[in-house]
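Asks: Quick one, fold the following:
(2 chains)
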Amino acid sequence: MRASQRARGEDVALVDALLSADERRRSSGVRFDELRNEQKSLGKLIGKASGEEKAELLKRAGTLAADVKAADAQRDEAAEETQRLLLQLGNLVHPEVPVGGEEDFVTRETHGEIRDFAAEGFEPRDHLELGRLLGAIDVERGAKVSGSRFYFLTGVGALLELALVNAAMAQATAAGFTPMLTPALVRPQSMAGTGYLSQGSGQDVYHLPEDDLYLVGTSEVALAAYHMDEILDADRLPLRYAGFSPCFRREAGSHGKDTRGIFRVHQFDKVEMFSYVAPEDSQAEHQRLLEWEKQWLTSLELPFRVIDVATGDLGSSAARKYDCEAWIPTQGKYRELTSTSDCTEFQARRLQIRLRDGQGTRPLATLNGTLCAVPRTIVAILENHQQADGSVRVPEVLRPYLGGREVFEPVAK
RNA sequence: GGAGGCGUCGCCUAGUCCGGUCUAUGGCGCCGCACUGCUAAUGCGGUUUGGGCUUUACGGUCCAUCGAGGGUUCAAAUCCCUCCGCCUCCGCCA
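Replies: Purely as a prediction, here's the structure:
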């Protein structure tokens, strides 16, 4: 148990409780099996018997039935307790993950050139100002219609999103991903199986009580639950899906954080990569997902770095997580644009997804990675590719999806 | 929203009315073996999934599993209730 690396003392107590519950589950199971075996053979005799003999057997079976029922209840209780404790356990962390909190990440690599606006002779505008000039973003009316952290993408803003989504899907498809449009509302089992309802993470999720449905914070949920309760032939792996869906986040714990603009919002669209692989392939797949993210950000001509997220910031399902952070000029720092997690067998166990090979069946590994989270990508593009007159240069990779357009011109003052 | 039909161990399917030889039938597919110049055909055996006990191992054995969960009963694929999913028709709707 790598509990110490998670810096969670309660994990040790949890494991002890878990082991004793499991012991109880197994011993009560044995008792039930024995009683039930006896009951079944007795039942067969009753079927054949008649008269006085039958009456005698029925009498015995009556008391036996009560015992079976009691043993059944006891076993169910122990199994439930075991399961309850099991679900509280976070994933095992990869040994190389830096230990610590949010600030204790390790920077793995840095790409692209950070522009020197002073040398170019102008003060960079932030994305909200650029969005206003281009007629691309309307947060005032977003707030009027839906409240804070909502927005409209208008004009070239709307077109930019569609271009980004198309370009991202094109890259993913070229890499062999199956494009998927996924449900944004899912059942509790899908949410829990993916690890989004455990502990604190449930706070960030919208729930519709009338229907007992959850709004997903990422299409990862639907893509993971897609193969729930299935056994996949090993030779079908890896399975790679590129999902596109709206994403909803309550941002409950982030009052006052990133309140300006569209960096942190309640609803946005995202293209997400998702892989099902054999457990022994998960680390290699994780590197591949990272490479695809880097390819994407590079094609958008954005300066970014890759960080190895520290233990305290991993969440319950990831064994390891890399974030790609793009440089945001007006904030003077790198901010998360994409994130890729190796969930090893954590989600597969909860969702009952297994692989079948020559050896039998066993859980597989799932991994996810952002390809394009739209609003943040728009923020990075506007700010990094802005020009002195308030226009924004369109990265070449997007031009085919924008009718060949090379620059967004201001329409307002 | 209303009415009806359906859900069986990869796929198809028997069984459900009338509870107990159901330890769930048969076919297809798949795996192994035999036979056979090759292929094919044929024959024999195997083939849901999960959990436990036992075993160095091979294996043996028990329990659960007929969409899910409850109930009735000595005993449930079979009877009753609730839920889920799929299909058909009507209504409404992008």
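Asks: Which positions in chain A make contact with RNA strand B?
Replies: Counting by C-beta under 7 Å from any atom of the strand, chain A comes close to RNA strand B at A:26, A:29-30, A:32-34, A:36-37, A:39-40, A:42-44, A:46-48, A:58, A:61-62, A:64-65, A:68, A:76, A:231, A:354, A:356, A:360-361. Yep, even glycine has a C-beta here, placed from its N, CA and C like the rest.
Asks: Go through the residues you listed and flag which are in helices.
Replies: Counted as lying in helices by DSSP state H, out of those, are A:26, A:29-30, A:32-34, A:36-37, A:39-40, A:42-44, A:46-48, A:58, A:61-62, A:64-65, A:68, A:76.
Asks: of the residues you listed, buried ones?
Replies: By neighbour count, with 16 or more other C-beta atoms under 10 Å, those hold A:29, A:32, A:42, A:61, A:64, A:68 as buried.
Asks: now the residues you listed in CSV, with pLDDT?
Replies: What follows is those, written out as CSV (pLDDT from 0 to 100):
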residue, pLDDT
A:29, 90
A:32, 92
A:42, 86
A:61, 87
A:64, 88
A:68, 91
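Asks: wait, which of these is closest to residue A:135?
Replies: residue A:29 (66.6 Å; C-beta to C-beta).
Asks: tell me the contacts of residue A:85?
Replies: A:14, A:17-18, A:21 (C-beta atoms under 8 Å, 6 or more residues apart in numbering).
Asks: Filter the residues you listed down to the buried ones.
Replies: Using 16+ other C-beta under 10 Å, the buried members of the contacts of residue A:85 are A:14, A:18, A:21.
Asks: so what does the helix or strand hosting the last one touch, helix or strand wise?
Replies: In this structure, residue A:21 sits in helix A:10-48 according to DSSP states H and E. Helix A:10-48 sits against helix A:51-88, with contacts defined as 3 or more C-beta pairs under 8 Å, 6 or more residues apart in numbering; DSSP states H and E.
Asks: Following element in sequence after the helix it packs on, please.
Replies: Counting by DSSP H and E, the next helix or strand C-terminal to helix A:51-88 is strand A:106-111.
Asks: Farthest-apart pair in the contacts of residue A:85, please.
Replies: Greatest spatial distance in those: A:14 and A:21, 10.4 Å, computed using C-beta to C-beta.
Asks: Which residue, neighbours along the chain excluded, lies closest to residue A:381?
Replies: Spatial nearest neighbour of residue A:381, excluding adjacent residues (C-beta to C-beta, 6 or more residues apart in numbering): residue A:300 at 6.3 Å.
Asks: And for the residue in the stretch 251-400 of chain A that RNA strand B sits nearest to, nearest residue in space, chain neighbours not counted?
Replies: Sorted by distance to RNA strand B under C-beta to the nearest atom of the strand, the residues of the stretch 251-400 of chain A start with residue A:361, at 3.7 Å. Spatially, and ignoring its direct neighbours in sequence, residue A:361 is nearest to residue A:354 (4.5 Å; C-beta to C-beta, 6+ apart).
Asks: same question, residue A:86
Replies: Among residues not flanking residue A:86 along the chain, residue A:18 sits closest, at 6.5 Å (C-beta to C-beta, 6+ apart).
Asks: cool, and residue A:187?
Replies: residue A:213 (6.4 Å).
Asks: pretty sure that neighbour contacts residue A:185?
Replies: Yes. Here residue A:213 reaches residue A:185: they are 4.5 Å apart, a contact under C-beta atoms under 8 Å.
Asks: What's the first helix or strand after the helix or strand where residue A:323 lies?
Replies: Per DSSP H and E: residue A:323 is located in strand A:320-328. Per DSSP H and E, the first helix or strand lying C-terminal to strand A:320-328 is strand A:333-342.
Asks: helices or strands up against that following strand?
Replies: Using 3+ C-beta pairs under 8 Å, 6+ apart: strand A:333-342 touches helix A:282-299, strand A:304-308, strand A:320-328, strand A:365-373, helix A:374-384.
Asks: Enumerate the positions of that strand that are buried.
Replies: Buried, per 16+ other C-beta under 10 Å, within strand A:333-342: A:334-342.
Asks: any chance of the residues you listed in TSV, plus distance to residue A:131?
Replies: As requested, the buried residues of strand A:333-342 are exported to TSV (distance: C-beta to C-beta, whole Å):
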residue	distance to residue A:131
A:334	21
A:335	17
A:336	20
A:337	17
A:338	21
A:339	24
A:340	28
A:341	30
A:342	35
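Asks: sorry, back to before: hmm, the residue nearest to residue A:86 is touching residue A:82, no?
Replies: Yes. Using C-beta under 8 Å, residue A:18 is in contact with residue A:82, at 6.8 Å.
Asks: Could you list the domains of chain A?
Replies: Each domain of chain A is listed here as a residue range: A:3-88, A:102-408, per automatic domain parsing.
Asks: Please state the offset of the first one from the chain centre?
Replies: Right, the one you point to is domain A:3-88. Using C-alpha atoms, centre = their mean, to the nearest Å, the mean C-alpha position of domain A:3-88 is found 36 Å from that of the whole chain.
Asks: for stretch A:171-189, same thing?
Replies: With C-alpha atoms, centre = their mean, you get 12 Å for stretch A:171-189.
Asks: ok, now stretch A:223-233?
Replies: For stretch A:223-233, the distance to the chain centre is 15 Å (C-alpha atoms, centre = their mean).
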